[in-house]
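Undergrad: Sequence plus predicted model, see below.
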Amino acid sequence: MACFLVPGGEAIVTTVVQKVVKSREKKAGGEGGNKTGLKWSQRLSWLNKLLWGGTILLALEHVWHGEVVPWPPFLTAMENPADVAPMLHEMATIGVAMAVCVTVVWTIIVVVAELKVKAAPEVEAKPASGGE
Amino acid sequence: MWLLMTALAAVITTAIWYVRAPEDKYKLGLLSLMFWGATLMWFVDHVMAYLTEGGEFLEISPDATLLGVSVIILALLVWEIVLLVSDPKGVLKRVLKR
């Protein structure tokens, strides 16, 4: 019905957070990253792309199924008061689950990327030492 | 069906991105993450609908296939707009300067 609005809302918040973090990193002279060199603005851009991409494509699916229309109130569930409660329930269950799932996957991506970046110098050092 | 088609698009774009990585001049990382975001969201949607309502996990019909194609077209359209606006090859600048 309108489950995609929850990750869409999260996308708006994370986009604002990313802009703020990016400007702070610029002010700090590009020292926004930790020891691994990955900046927080870069990490947040991955989350934004996941959330915005999912929201845009799910919006198309909702338009396709007639759940979203280009005229007010935009959500067909809002036209009938009896449909409002199920819509809110769907947002609270499926919508929140979608947002949580994407955020958890992003967290895994960030952790793996951190570990890979940390491990990179050791991996690069091996062929050089082995070649001698 | 659109879940499967979006997942396939995500896998293919990720493979292409990886082949060209670390260079990402054409923003394939963006396209890949867009597809993955939608795939994850639809996967959650399908699982929860299957657990609560039952029925078929995947809807396989001409309408669902057409929706899958439309979803891929929309993602490619958004990616191309971002690509044209950022213009990493400077093509638009050169064309407009003529």
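TA: Cool, the structure landed.

Undergrad: When you work out contacts or count neighbours from here on, use the C-alpha atoms and nothing else.
TA: Fine.

Undergrad: ok, the most centrally placed residue in chain B to residue B:76 distance?
TA: Nearest to the geometric centre of chain B sits residue B:35, at 3.3 Å (Cα atoms, centre = their mean). Using Cα to Cα, to the nearest Å, residue B:35 is found at 10 Å from residue B:76.

Undergrad: likewise residue A:12?
TA: 22 Å.

Undergrad: Check residue A:107 too.
TA: For residue A:107, the distance to residue B:76 - Cα to Cα - is 26 Å.

Undergrad: can you check residue A:74 too?
TA: Residue A:74 is 25 Å from residue B:76, where distance means Cα to Cα.

Undergrad: and if you look at residue B:57?
TA: 26 Å.

Undergrad: just residue B:91 next, same as before
TA: Distance, residue B:91 to residue B:76, by Cα to Cα: 19 Å.

Undergrad: Ignoring the adjacent residues along the chain, who's closest to the residue most central in space within chain A?
TA: For chain A, the residue nearest the mean C-alpha position is residue A:47 (2.9 Å; Cα atoms, centre = their mean). Leaving aside its sequence neighbours, residue A:47 sits nearest to residue A:106 (Cα to Cα, 6 or more residues apart in numbering or on different chains; 6.0 Å).

Undergrad: For the worst-scoring helix or strand of chain B on mean pLDDT, what is the distance to the chain centroid?
TA: Scoring the helices and strands of chain B by mean pLDDT, DSSP states H and E places helix B:91-97 at the bottom, with a mean of 86. Centroid separation for helix B:91-97 versus its chain: 28 Å, with Cα atoms, centre = their mean, to the nearest Å.

Undergrad: With stretch A:96-113 instead?
TA: Centroid separation for stretch A:96-113 versus its chain: 8 Å, with Cα atoms, centre = their mean.

Undergrad: try stretch A:112-121
TA: 21 Å.

Undergrad: is it anywhere near chain B?
TA: No. On the criterion Cα under 8 Å from any Cα of the partner chain, stretch A:112-121 is out of touch with chain B, staying 12.9 Å away.

Undergrad: Let's test this: mean pLDDT of that stretch, rounded?
TA: If you average the pLDDT over stretch A:112-121, you get 84.

Undergrad: Also stretch B:25-37?
TA: Averaged across stretch B:25-37, the pLDDT comes to 95.

Undergrad: So what touches it?
TA: The contact list for stretch B:25-37 (Cα atoms under 8 Å, 6 or more residues apart in numbering or on different chains) reads A:46, A:49-54, A:102, B:6-7, B:9-11, B:13-14, B:16-17, B:75-76, B:79, B:83, B:88.

Undergrad: Thanks again, I'm all set now.
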